[in-house]
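Peer 1: return atomic coordinates for the entry below.
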Amino acid sequence: MARSVLNLLRNRKSIRIFRPSTISEEVLRLIIEAGVRAPTYLQSYTIIQVKDEEKKEELAKLCNEKIVKNASAILLICADLHRTRILLDMLGHEHVLRSDKHPIESILAVFDAGLVVENMIIAAEALGLGSVILDCPLIECKRFSELFELPKGVTPLILLCIGERGEVPPLRPRLPIDQIFHIDKYGEVSEEKLKEYLEELERRMEIENYVRKYAGMDLKYLDYLRLKTELTNESKKVNDEIQKFLKENLIKT
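Peer 2: Predicted coordinates:
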């Protein structure tokens with residue numbers, strides 16, 4: 001049993017091509033129940049299933065169209081300090097969310113949401129389903145907030161798409177363990193090892209034809225990575241908008 005769980009974790013891959021199919025309410029419920037059993041701080045998260053066809057069409061415009069349209073289940077995961085504040089109000093004390101500064105609760109709300117998503121991803125995998133996470137809700141936070149009528153204090157973070165696998169992608173490279181895992185103190189980064197990792201990443205993604213397959217672009221993977229992370233006037237504008245939204249809705253420092 002332990003070995004099968006470890007194999008599932010070690011071999012799990014994001015699926016970006018789904019076969020058109022449906023997921024029963026019973027199976028989806030099992031996945032969500034697995035999610036809410038994740039270890040969390042104040043359960044400061046909310047999960048919204050997207051079923052409305054008009055909303056799905058809007059998501060297809062805001063996110064990756066093919067992924068969203070072919071996914072059997074679409075779940076929006078939000079950090080939710082709105083409900084947590086109401087819950088704490090019911091205890092009748094002067095609590096931290098009544099303050100204009102609550103960075104701990106804000107950061108842990110994001111952490112809560114991440115733990116829940118990971119549990120749901122593993123549950124879907126155990127049930128023979130594929131999944132992928134999309135960051136478009138945070139990038140388009142204002143539009144998502146309007147589309148799903150999110151109250152103040154609720155921040156859209158990611159979209160979890162689940163469905164029947166329409167591809168069998170290879171395992172993709174990860175950073176070397178010794179650049180991530182340290183004992184007793186922070187270990188300084190080895191640029192040589194990072195360089196080796198980037199070279200291996202470029203080689204493996206080229207074999208997979210990753211960029212053309214998923215982004216429809218004729219670029220090397222590292223050039224694609226540069227494009228996605230480049231500091232431009234547009235990216236500055238997006239970051240300013242997200243920062244403003246987070247200050248108003250989530251992170252109070």
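Peer 1: and Lys66, what element?
Peer 2: Secondary structure assigned from DSSP states H and E places Lys66 in helix 65-70.
Peer 1: should've said Glu149
Peer 2: Using DSSP H and E, Glu149 falls within no helix or strand.
Peer 1: contacts only, for it.
Peer 2: Glu149 makes contact with no residue, according to Cβ atoms under 8 Å, 6 or more residues apart in numbering. C-beta: built from backbone N, CA, C; applies to glycine.
Peer 1: for Leu87, see how far away it is.
Peer 2: The gap separating Glu149 from Leu87 is 20 Å, by Cβ to Cβ, to the nearest Å.
Peer 1: for Lys247, same thing?
Peer 2: Distance of Lys247 to Leu87, computed by Cβ to Cβ: 23 Å.
Peer 1: who's more crowded, those two?
Peer 2: For Lys247 versus Leu87, the count of surrounding residues by other Cβ atoms under 10 Å is larger for Leu87: 14 against 11.
Peer 1: I'd like the distance between the more buried one and Ser145.
Peer 2: According to Cβ to Cβ, Leu87 and Ser145 sit 21 Å apart.
Peer 1: likewise for Lys244?
Peer 2: From Lys244 to Ser145 the distance is 12 Å (Cβ to Cβ).
Peer 1: do the same with Gly130
Peer 2: 28 Å.
Peer 1: ok, Ala123 touching Leu28?
Peer 2: No - counting by Cβ atoms under 8 Å, Leu28 is not a contact partner of Ala123; they are 10.0 Å apart.
Peer 1: and the helices in the stretch 151-253 of the chain?
Peer 2: With DSSP state H, counting those that start in this stretch, the ranges of helices along the stretch 151-253 of the chain come out as 191-208, 210-215, 221-229, 233-249.
Peer 1: right, so these: which one is the most enclosed?
Peer 2: Of all the helices of the stretch 151-253 of the chain, helix 210-215 has the most neighbours on average by mean count of other Cβ atoms under 10 Å, namely a mean of 16.
Peer 1: let me know the secondary structure of the most far-flung residue of the chain relative to its centre.
Peer 2: Using Cα atoms, centre = their mean, the residue of the chain lying farthest from its centre is Gly92. It sits 34.3 Å away. On the three-state scheme (DSSP: H, G, I helix; E, B strand; the rest coil), Gly92 is labelled coil.
Peer 1: run the chain-centre distance for the helix or strand where Ile47 lies.
Peer 2: Taking DSSP H and E as the criterion, Ile47 maps to strand 45-49. On the basis of Cα atoms, centre = their mean, to the nearest Å, strand 45-49 sits 13 Å off its chain's mean C-alpha point.
Peer 1: what's next to it, contact-wise?
Peer 2: Around strand 45-49, the neighbours that count as contacts under Cβ under 8 Å, 6+ apart are 28, 32, 35, 73-80, 83, 109, 112-113, 116, 148, 154.
Peer 1: so which of those residues are in helices?
Peer 2: When DSSP state H defines the helices, the subset of the contacts of strand 45-49 inside them is Leu28, Ile32, Gly35, Arg83, Ala109, Asp112, Ala113, Val116.
Peer 1: which two in those are spaced the farthest apart?
Peer 2: Greatest spatial distance in the ones in helices among the contacts of strand 45-49: Leu28 and Ala109, 23.6 Å, computed using Cβ to Cβ.
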